[in-house]
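[1] Dropping a prediction and its sequence here:
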Amino acid sequence: MSIDTNYYLKCDLNERGWTEHLINIFYGSPDKLKHRRGFKHNLCLYKKDNVFAIEESDAFKRGFEHSIRTRAERAIHYFYKNDNFSREKVVDIKIKTLSAFQSFAHRKIFVPNESLRQSLILIHGFSETSNIINRIKENDKIYTKLVVDFIRDCRTNYLKELSRLMDVKKVADSCAVQFPSFEKCLQALKQSANVAISQRYQLPFEECFEGPGCDRTGIKAA
């Protein structure tokens, strides 16, 4: 069964941190219903552009924050009934893990205001830089990937943001708090960086939109 890649399923929204209540309040009815042969209920489809716009709104951010705290409180309520100090600490950690995807999927990645040639010359020199740029223009995927990786890791704030995400993971692990969306957060952060690079440089950076899980990060339709 094929799904239009301009749309999310309800389960995709759930993975992004949306609850049924948040969907009803901020999105309402789905944009499309798709029949599944052999199933009683239709699939609910939500336009990705609408989802992104809603997630950027102040109203959603306030509602999401309230929802996250409520869910965090509920998740650990019975484990720390008689230990308020530990309870508040774990609630704070649970909030960070539940809100991590929204946080890191929308994290701003800064790419230097310089040409691709200027960025590459710093490492490769004039001659090799010209060769690399020509290879990319010829859509050489190996060279493209190497350049994207270099710019992402050495010329943006990606590694700094990655370190922040890893800090959340370490704290969660230290308190035995589950962080089920961690892998998706990694993918979303990397895709945010790759897309920022592709938008900064006018070259065919197909590599920026490749990789497992892209369809569910909201960065790019697979």
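    Alright, I've got the coordinates. On a predicted model such as this, the values are computed, not experimentally measured, just so you know. Residues are numbered from 1 along each chain as shown.
[2] on contacts alone, who are the packing partners of the lengthiest strand in the chain?
    For the chain, the longest strand by residue count, based on DSSP state E, is strand 43-47. Based on contacts counted as 3 or more C-beta pairs under 8 Å, 6 or more residues apart in numbering; DSSP states H and E, the elements that strand 43-47 packs against are strand 7-9, helix 10-15, strand 32-34. Every C-beta, even on glycine, is put in place using the N, C-alpha and C of the backbone.
[3] Tell me which residues are up against the following helix or strand past the longest one.
    Past helix 10-15, further along toward the C-terminus, the next helix or strand under DSSP states H and E is helix 20-22. Contact partners of helix 20-22, identified using C-beta atoms under 8 Å, 6 or more residues apart in numbering, comprise 60, 63, 64, 67.
[4] So which of those are in helices?
    In helices, defined here by DSSP state H, the members of these are 60, 63, 64, 67.
[5] Convert the C-alpha atoms of the longest strand of the chain to CSV, please.
    Extracted in CSV, the C-alpha atoms of strand 43-47 (Å, rounded to 0.1, in the frame of the first residue of the first chain):
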residue,chain,number,x,y,z
LEU,A,43,-6.1,5.6,7.5
CYS,A,44,-6.0,9.3,8.5
LEU,A,45,-3.7,11.4,6.5
TYR,A,46,-2.4,14.8,7.6
LYS,A,47,-0.5,17.3,5.3
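[6] ranges for the helices of this structure?
    So, for the chain - with DSSP H - the helices run 10-15, 20-22, 48-56, 58-76, 84-105, 116-137, 141-154, 158-174, 182-200, 214-217.
[7] Of all those helices, which one is nearest residue 37?
    Closest to residue 37 of those, according to C-beta to C-beta: helix 10-15, at 18.7 Å.
[8] other SSEs contacting the closest one?
    Helix 10-15 packs on strand 43-47, going by 3+ C-beta pairs under 8 Å, 6+ apart.
[9] Just want the angle from the strand it packs on to helix 48-56.
    Relative orientation of strand 43-47 and helix 48-56, computed by axes from the mean of the first three to the mean of the last three C-alpha atoms, to 10 degrees: 70 degrees.
[10] what are the pairing partners of strand 43-47, and which direction each?
    Sheet pairing of strand 43-47 (DSSP bridges) gives strand 7-9 (antiparallel), strand 32-34 (antiparallel).
[11] hey, which of those strands is tucked in deepest?
    Neighbour counts (mean count of other C-beta atoms under 10 Å) averaged over each of these peak at strand 7-9, with a mean of 22.
[12] chain center to it: distance?
    A distance of 15 Å separates the centroid of the chain from that of strand 7-9, by C-alpha atoms, centre = their mean, to the nearest Å.
[13] Not counting that strand itself, show me its contacts.
    Here strand 7-9 has contacts from 3, 16, 31, 32, 43, 44, 45, 46, 47, 48, 51, 218, using C-beta under 8 Å, 6+ apart.
[14] burial count for the residue nearest to residue 120 when sequence neighbours are not counted?
    Excluding the flanking residues, the one nearest residue 120 by C-beta to C-beta, 6 or more residues apart in numbering is residue 129, at 4.3 Å. Residue 129 has 19 neighbouring residues, counting by other C-beta atoms under 10 Å.
[15] My read is that residue 129 contacts residue 122, right?
    No: Residue 129 is beyond contact range of residue 122, at 9.2 Å (criterion: C-beta atoms under 8 Å).
[16] Redo the contacts of helix 20-22 as TSV? Include neighbour count and distance to residue 98.
    Formatted as TSV, those follow (neighbours: other C-beta atoms under 10 Å; distance: C-beta to C-beta, whole Å):
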residue	neighbour count	distance to residue 98
60	20	15
63	17	14
64	22	9
67	19	9
